[in-house]
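# Build the 3D model from these lines:
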Amino acid sequence: MKFNTKTIHGGQHDVDPAYGAVMPPIYQVSTYSQSTPGGHKGFEYSRSGNPTRAALERALASIENGQYGLAFGSGLAAIDAVIKTLQPGDEVISTNDLYGGTYRLFTQVFEGFGIKFHFIGMENAENIEDYINENTRMIWVETPTNPMMNIIDIKACAEVAKKHEVLLAVDNTFATPYLQQPLDLGADIIMHSATKYLGGHSDVVMGALVVNDKALAEKLYFIQNASGAICGPQDSFLMLRGLKTLHVRMQRHCENGKAVAEYLANHPKIEAVYWPGLPSHPNHEVAKAQMKDFGGMISFVTKGNDYEEAIKIVEKLKVFTLAESLGGVESLAGHPASMTHASIPKEEREKTGVVDSLIRLSVGIEDAEDLVADLKQAIG
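Below you'll find the predicted structure:
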């Protein structure tokens, strides 16, 4: 089954046997009757499993070419479950340019429980080798990274992980399975903030994991049930609905992203544009090799690295909405230093390029000419 068909039918059973519904119904229920203790039809309590959520989890696994899918109440809840597979004394090697919430969870929660994190540049996978020791258990990769749009070679990271018998987890939020499929490139775990592109309509908060290994899946299912950070049936239904248009939305995100990136790259007031589709991007060739297209996420800096100028630009935008998050059908603009990455100390942010004048765009599916015109009036 091809990807475009999987987004609509992948992992789904035939039409609902009760009434022939073509979409999995919303099973708004907390518990299920049993004919005898332990004798049920696959579901006993909705924290442990719900038919609507189960349909979503099958769909998530299908579009990532995986065997097992898990849905959580948020992307951070999904990451939390992954790190809970580790023990005090274990070490994780993470990319240094990553979502601020992930950094906060790693450093302010899990470091307190004795797990050590190394934040390094991974544009050259060989850098990882310098940090691997007998306590290393996992490599955590974001690609494209948030917000600097760095590209990390997943296959090269997988080779390092396999060599040292550690797990490779990939945050695939920015790319989505439409653009890249990390399991096929050697990753062990895929994580999504499904709130973003998978849902695609800014109306649901959710996280997802996809794996192939049965033992790892069983460990994660146990944590999902034991910790309880699950999503409800209504959210599961909305996510299933969003998945069905992922392929057509992503095509337009990529087209519009290209138009916006090229406009910014040629603007006399713009110092730098970060979008992997530009030939000037330092990881452009890796992006071409592992991605189908280059997405709708773009970051840029104005000349002079002027904080006040950046704030004026995002406040003047009219079609782009100044807001947190990304990946919806509407275009959003953000100021990472004061919004999504405010939890990262300024010194650490600036080491990776997240300066106070950096602006991040989530390019939506509106008409590209309107988006360019909006940037033109805001930048001047």
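
# CA only for contacts and neighbour counts going forward, please
OK.

# List the buried residues for the host helix or strand of residue 162?
Using DSSP states H and E, residue 162 maps to helix 154-164. Across helix 154-164, burial judged by 16 or more other Cα atoms under 10 Å covers 154-155, 157-161, 164.

# Mind checking the pLDDT average for that helix?
Taken as a whole, helix 154-164 has an average pLDDT of 98.

# Tell me where this protein has strands.
68-72, 91-95, 116-120, 136-142, 167-171, 189-192, 207-211, 270-274, 297-302, 321-322, 332-334, 358-362 (DSSP state E).

# got the angle for the fourth one vs strand 116-120?
Strand 136-142 and strand 116-120 meet at an angle of 40 degrees, taking axes from the mean of the first three to the mean of the last three Cα atoms, to 10 degrees as the criterion.

# same question, the last one
Using the same axes, to 10 degrees, the direction of strand 358-362 lies 100 degrees away from that of strand 116-120.

# residues making contact with strand 358-362?
147, 296-302, 305, 310, 314, 326-328, 331-337 (Cα atoms under 8 Å, 6 or more residues apart in numbering).

# and the helix holding residue 162, what other elements does it pack with?
helix 126-129, strand 167-171 (3 or more Cα pairs under 8 Å, 6 or more residues apart in numbering; DSSP states H and E).

# how does it look with 6 Å?
Using 3 or more Cα pairs under 6 Å, 6 or more residues apart in numbering; DSSP states H and E as the contact test, no helix or strand touches helix 154-164.

# I'd assumed residue 289 was in contact with residue 180.
No: using Cα atoms under 6 Å, residue 180 is not in contact with residue 289; the gap is 9.8 Å.

# The stretch 151-300 of the chain: helices as residue ranges?
154-164, 176-179, 214-227, 233-243, 246-265, 284-290 (DSSP state H, counting those that start in this stretch).

# Distance from the chain centre to the last one, please.
Here helix 284-290 is found 18 Å from its chain centre; the criterion is Cα atoms, centre = their mean, to the nearest Å.

# Report the buried residues of that helix.
Quick answer for helix 284-290 (16+ other Cα under 10 Å): 284, 287, 290.

# Can you verify my assumption that residue 99 contacts residue 146?
Yes: the pair residue 99 / residue 146 is scored as a contact, 5.3 Å apart, by Cα under 6 Å.

# Neighbour count for these two, which is higher?
Shown here are residue 99 and residue 146; by other Cα atoms under 10 Å, residue 146 has more neighbours (23 against 18).

# I'd like the buried residues of helix 284-290 as CSV, with pLDDT and distance to residue 320 appended.
CSV is the format used below for the buried residues of helix 284-290 (pLDDT from 0 to 100; distance: Cα to Cα, whole Å):
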residue, pLDDT, distance to residue 320
284, 98, 26
287, 98, 26
290, 98, 29
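
# Lowest mean pLDDT among the helices and strands of this protein, which one is it?
helix 346-351 (a mean of 84; mean pLDDT, DSSP states H and E).

# For that one, output the C-alpha coordinates as PDB.
What follows is the C-alpha trace of helix 346-351 in PDB, where atoms were taken according to Å, rounded to 0.1, in the frame of the first residue of the first chain:
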ATOM      1  CA  LYS A 346      20.400  32.300  26.900                       C
ATOM      2  CA  GLU A 347      24.000  31.200  26.800                       C
ATOM      3  CA  GLU A 348      23.100  27.600  25.700                       C
ATOM      4  CA  ARG A 349      20.500  28.900  23.200                       C
ATOM      5  CA  GLU A 350      23.000  31.200  21.500                       C
ATOM      6  CA  LYS A 351      25.600  28.400  21.100                       C
END
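
# That helix: how far from the chain's middle?
Here the centre of mass of C-alpha atoms in helix 346-351, compared against the chain's by Cα atoms, centre = their mean, lies 22 Å away.

# That helix: which residues count as buried?
For helix 346-351, by 16+ other Cα under 10 Å, it's residue 349.

# just to revisit the earlier point, rebuild the buried residues of helix 154-164 as TSV, extending it with distance to residue 207.
TSV is the format used below for these (distance: Cα to Cα, whole Å):
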residue	distance to residue 207
154	21
155	24
157	23
158	23
159	27
160	27
161	24
164	28
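
# picking that back up, run the chain-centre distance for the helix holding residue 162.
20 Å.

# same question, stretch 259-275
Distance, centroid of stretch 259-275 to centroid of chain: 24 Å (Cα atoms, centre = their mean).

# Going forward, the N-terminal residue is numbered 26.
Got it, the first residue is 26 from now on, which makes the last one we talked about stretch 284-300.

# In this structure residue 230 contacts residue 220, no?
Yes: here residue 230 reaches residue 220: they are 4.5 Å apart, a contact under Cα under 6 Å.

# out of the two, which sits in the busier spot?
residue 220 (25 against 18).

# pretty sure that one contacts residue 231?
Yes: using Cα under 6 Å, residue 220 is in contact with residue 231, at 5.0 Å.

# Okay, the nearest residue to residue 404 once chain neighbours are set aside and residue 92: tell me how far apart.
Sequence neighbours aside, residue 338 is the residue nearest to residue 404 in space, at 5.8 Å (criterion: Cα to Cα, 6 or more residues apart in numbering). Distance of residue 338 to residue 92, computed by Cα to Cα, to the nearest Å: 45 Å.

# Which residue is the nearest non-sequential neighbour of residue 332?
residue 382 (4.5 Å).

# Tell me, what's the model's pLDDT at that neighbour?
94.

# Alright, calling it a day.
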